[in-house]
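Visitor: Got a predicted model here, sequence first, then my questions.
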Amino acid sequence: MSESAAGDTRLAGRRVVLGVSGGIAAYKAVEICRRLVDAGVHVAPVLTADALHFVGATTFSALASEPVRMALFDTAEPIPHTRLGQTADLVVVAPATAKLLGKYAAGISDDLLSATLLATRAPVLVCPAMHTEMWEHPAVQENLATLRRRGVHVVEPEEGRLAGGDVGAGRLASPASIVEAIAAILGSRAGRRDLEGVTVLVTSGGTREAIDPVRFIGNRSSGKMGHALAHAAADRGARVVLVTTVERPVPALAEVVKVESAQEMHDAVMARMGPVDVVVMAAAVADFRPVAVAEQKIKKAGGPPRVVLEPTPDILAALGASKRPGQILVGFAAETTDVRGHATEKMLRKNVDLMVANDVSAPDAGFEVETNRALLLDPSGRVEETTLMSKLALADRIYDLVVDARAHLALDERR
Ligand code: C5P
């Protein structure tokens, strides 16, 4: 990368929390801070108490865009970790010590930096630095593997001279390469307003089909993928309608419709379809529901009840059958066998423009986890197999293909 990041459009105007934990390499974070500020980044520095053994808070306060914060409890701002976490475009920790990585992997939030890491939905980059023996310890490597699996980005340490004169792996990567990694992560999302003027309706979560006032038939969907799709669409400038069964953080300006059953989801989607350009059916909709819902709680004393099921309306198939020209339909297929075959069959049968197929039997993809890996299929026969990535990154890849599909439609119309 060039010596200066000034003028880098991937960085200008972005908000970065710069976490500094207590390692000798903390002095290099000063240089990272300066480079980011020079590039037009709003830098909010968060230091751990141990970092103060190596660098002064005043140095960062003078160079960064706002004063250093360290305290989880602050009288001026009662809960700084949520503000920092929610407003950040990226959180970077450089250097990240073995202790910091261990706490983050274990979900321990006993200071402002570790709490901010748990409170953010932004991409996180950790830049480990420590002595070779610590770096190579299985505990550290396993913690790092856990974080990677959750979608955390890592700039690995380099080989070189370490504190005390030892030589080996564990030296913090150079400030230039860390700033470049930050730019690359932000650049993959920054400045893309390619859904401006587009209305995207996303469904999220799993439906619940009542058996009686207490019990329901449900599924494992957490809504993480659906909500990531809502956030990614909003980030890219879309007007977002989110029809959801779950309560999770939503994009600021989204129209949010809370539903529970497949029928309610069907009705909510159909009522809002008119102006919608893109529908993303990420929800796991029940295929069957009880024919009758008991008015009172079914009593155990009556013996095992006979629950008779009937099909629910297939929302995606209904949309596919009534799709107006120019509308794009994205469907999801959660499969455990022959993922490609089943997904292709569903795509054609439901008249879908892009099918996102998951092997939900894989431990690191599909329901509940933070990461996903998918087969992206379209009716022209194009197949893309993604790598394992965060659900937000997968959402962005899906919209790349949606934007392509919209461009093709526009081209066809002009012919
Ligand atoms: O056939 P299958 O349920 O696997 O299809 C999955 C896709 O169809 C998903 O996009 C899901 O949201 C949608 N679907 C639907 N209505 C149903 C069942 C599934 O819209 N009743």
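Guide: Ah, there it is. All figures in this text were calculated on a predicted structure; none of them were measured in a lab.

Visitor: ok, what's across the strand from whatever residue of the stretch 101-250 of the chain ends up closest to the ligand?
Guide: Residue nearest to the ligand within the stretch 101-250 of the chain: Thr203 (6.2 Å; C-beta to the nearest ligand atom). The way it works is simple: take the backbone N, C-alpha and C, and place the C-beta from them, glycine included. Beta-bridge partners of Thr203, counted by DSSP bridges, are Val243, Met281.

Visitor: Give the full set of residues in contact with it.
Guide: 226, 242-244, 265, 269, 279-283, 285, 315 (C-beta atoms under 8 Å, 6 or more residues apart in numbering).

Visitor: Repeat that for Thr132.
Guide: The contact partners of Thr132, by C-beta under 8 Å, 6+ apart, come to Leu162, Asp166, Gly168, Ala169, Gly170.

Visitor: Secondary structure of Arg35: a strand, I assume?
Guide: No. Read with DSSP: H, G, I helix; E, B strand; the rest coil, Arg35 is helix and lies in no strand.

Visitor: centre of the chain versus stretch 304-311, how much separation?
Guide: 37 Å (C-alpha atoms, centre = their mean, to the nearest Å).

Visitor: what's the span of that stretch from first residue to last?
Guide: This stretch, stretch 304-311, spans 22 Å end to end (C-alpha to C-alpha, to the nearest Å).

Visitor: Show me which residues of that stretch are buried.
Guide: Buried positions in stretch 304-311, judged by neighbour count with 16 or more other C-beta atoms under 10 Å: Val307.

Visitor: got the contact list for that stretch?
Guide: Stretch 304-311 has contacts (C-beta under 8 Å, 6+ apart) with Ile211, Asp287, Phe288, Arg289, Pro290, Val291, Ala292, Ala294, Ile298.

Visitor: just those that are near the ligand?
Guide: By C-beta under 6 Å from any ligand atom, the members of the contacts of stretch 304-311 lying near the ligand are Asp287.

Visitor: Just the buried ones from the contacts of stretch 304-311?
Guide: Buried members of the contacts of stretch 304-311, scored by 16+ other C-beta under 10 Å, are Ile211, Arg289, Pro290, Ala294.

Visitor: what's the most distant pair in those?
Guide: Arg289 and Ala294 (13.1 Å; C-beta to C-beta).

Visitor: Could you pull up phi and psi at the closest residue to Val37 other than its chain neighbours?
Guide: Closest residue to Val37 apart from its sequence neighbours, by C-beta to C-beta, 6 or more residues apart in numbering: Val43 at 5.5 Å. According to degrees, to the nearest 10, the main-chain angles of Val43 amount to phi -110, psi 120.

Visitor: Contact partners for Val43?
Guide: Contacts of Val43 (C-beta under 8 Å, 6+ apart): Val16, Leu18, Cys33, Leu36, Val37, Leu63, Ala64, Ser65, Glu66.

Visitor: 7 Å instead, please
Guide: By C-beta atoms under 7 Å, 6 or more residues apart in numbering, Val43 lies in contact with Val16, Leu18, Cys33, Leu36, Val37, Ala64, Ser65.

Visitor: which among the residues you listed gets closest to the ligand?
Guide: Nearest to the ligand among the contacts of Val43: Val16, at 35.4 Å, using C-beta to the nearest ligand atom.
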